[in-house]
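*Asks:* what's the 3D shape of this:
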Amino acid sequence: MTIKKRILTAAVALPLLILLILHGGYFLFCGFIILLSFLGLTEFYRMALPERGPEGMAASLAGALLPLALLFHDPLRLLFAVMLLVIPSCLLFLFRIRDIRQSAGETALFLMGFLYVPLLLGHLVLLRGVQFGVQWIFLLLVIVMAGDTGAYFTGSRFGRRKLYPIVSPNKSVEGALGGLAGSVAGAVIARFTFFPELTLVDALVTALLLGILGQLGDLFESLLKRSFGVKDSGTIIPGHGGILDRLDSVLFAAPAAFYYALFIFMRR
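*Replies:* Numbers count the residues shown, from 1 in each chain. This is a model prediction of the structure:
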C-alpha cells in the first residue's frame, strides 16, 4: 500500500513541480522555496523541540524568509538577515528559560534549524538565477531522484552489506553503489535530452558529486530522526512522510550544484 501511495503521490506532484519550474518564473519559484522552508522548519522544530511549539512556529515563519535575502546576491544582506534571526533567538532563550540545564542545547537546535533548512534550501533560489538555471534545477532533481530510485531497487534486490547500521539499518553498500549508478545514468540522459550545454565530464562529475552528497544528506536526516526518536519528519506527503524526508538529499546537493555551476561551468 505504501508503494502505491508513493507512486500516486509522485504521479500528481511531479507534473505540478515540472510546470512550476518551467513556467512559474523566478519569483514564483522563490515563493515556492519559501513555502518549503516554512514546512521544513516546522517539521524540524516539531521533532527537535516539541515543548517549544509557539516559539518554533514563530521561528519557522521568520526563518522561511531567509531565502529572500539571497535574491539580491549581496552577502551583506544575507549576513544582516542571519543576524536578525540569531540575536532574537538567543534573547528568546535567555528570557524564556524552561530548564536552564537544557537551555544551551535548545538554543543550538533552534539556530541549527535556520542553517539546515532555509540556508541550504535557499541555494535553489541562487541556482535558478544562474545561466541555464532551469536546466540546472532539473539536472539536480534528476540526479537525486534517479539516485534514490537506483538505491532503492538495487538495495532491495542485492543489498547484503550494511552501509551505516547505527544511523540507517536498512541501507546497504550495494544500494549506495546502485544509487550512484542511477545518478550517473540520470545525468547522462539529462545531457542528451534537455541540457546539451553540459559536457560528458560535467555530467559525470556532477552526478558523482551531487549523488554522494545527496546520499549523505539522506543519512544525516536519518541521524536526526533517530536522535529525536521519530520515524518520519512528518506526514504531509502521503506515502513519503514529511517535507524533510523528501528534501534531505536536495539540502546537501543544492549548494554543490550552485557552486559547481558558478565557479566551474560558467567560468569557461
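*Asks:* find the nearest non-adjacent residue to Phe29, please.
*Replies:* Counting by C-beta to C-beta, 6 or more residues apart in numbering, Arg128 is the residue found nearest to Phe29 once chain neighbours are left out, at 5.3 Å. Every C-beta, even on glycine, is put in place using the N, C-alpha and C of the backbone.
*Asks:* dump the residue contacts of the one you found.
*Replies:* Arg128 is in contact with Tyr26, Phe29, Cys30, Val134, Trp136, Ile137, counting by C-beta atoms under 8 Å, 6 or more residues apart in numbering.
*Asks:* repeat the analysis, applying 10 Å as the threshold.
*Replies:* Going by C-beta atoms under 10 Å, 6 or more residues apart in numbering, Arg128 touches Ile21, Gly24, Gly25, Tyr26, Phe29, Cys30, Phe32, Ile33, Val134, Trp136, Ile137, Phe258.
*Asks:* so which bits of the helix or strand hosting Leu22 are buried?
*Replies:* Assessed by DSSP states H and E, Leu22 sits inside helix 2-23. For helix 2-23, burial by neighbour count (16 or more other C-beta atoms under 10 Å) applies to Arg6, Leu17, Ile21.
*Asks:* can you list the residues you listed in a markdown table and add distance to Gly147 and pLDDT?
*Replies:* Shown next, in a markdown table, are the buried residues of helix 2-23 (distance: C-beta to C-beta, whole Å; pLDDT from 0 to 100):
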| residue | distance to Gly147 | pLDDT |
| --- | --- | --- |
| Arg6 | 16 | 70 |
| Leu17 | 17 | 94 |
| Ile21 | 19 | 95 |
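*Asks:* isn't Met112 right next to Ala48, touching?
*Replies:* Yes - taking C-beta atoms under 10 Å as the definition, Met112 is a contact partner of Ala48 at 7.8 Å.
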